[in-house]
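# Structure for this input, please:
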Amino acid sequence: MFVTQVISTISRCSVDPGELTPKQAHRAMQVHLNCSVDVCRVRRRARRTLVEARRMVLDERATP
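From the prediction side, this is the model:
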């Protein structure tokens with residue numbers, strides 16, 4: 001996938017980007033640093049990808 005396609009896929013909070021690689025998910029988390037997973041579909045997908053890849057461990061108070 002070209003870099004411009006990845007960036008355009010993760011640029012809008014309201015659009016689910018679909019499957020992400022852990023590397024893409026990490027970038028999405030950086031791009032959407034100030035977003036909440038309750039509102040931002042990109043951050044929500046990225047968090048799920050990183051948790052499933054065991055690259056992120058959620059605090060027990062967090063809801064998946």
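# next structured bit after the worst-scoring helix or strand of the chain on mean pLDDT?
Least confident helix or strand of the chain, by mean pLDDT, DSSP states H and E, is helix 3-10 with a mean of 62. Where DSSP states H and E defines the elements, the next helix or strand beyond helix 3-10 is helix 22-31.
# Tell me where the model's unsure across the protein.
In the predicted model, the chain carries pLDDT under 70 at residues 1-8, 63-64.
# State which helix of it is the longest.
helix 41-52 (DSSP state H).
# what sits against the residue nearest to Arg12 when sequence neighbours are not counted?
Once flanking residues are discounted, Arg12 sits nearest to Val42: 7.4 Å by Cβ to Cβ, 6 or more residues apart in numbering. To be clear about C-beta, it is placed using only N, CA and C from the backbone, and glycine gets the same treatment. Contact partners of Val42, counting by Cβ atoms under 8 Å, 6 or more residues apart in numbering, are Ile10, Arg12, Cys13, Val15, Asp16, Pro17, Ala28, Val31, His32, Cys35.
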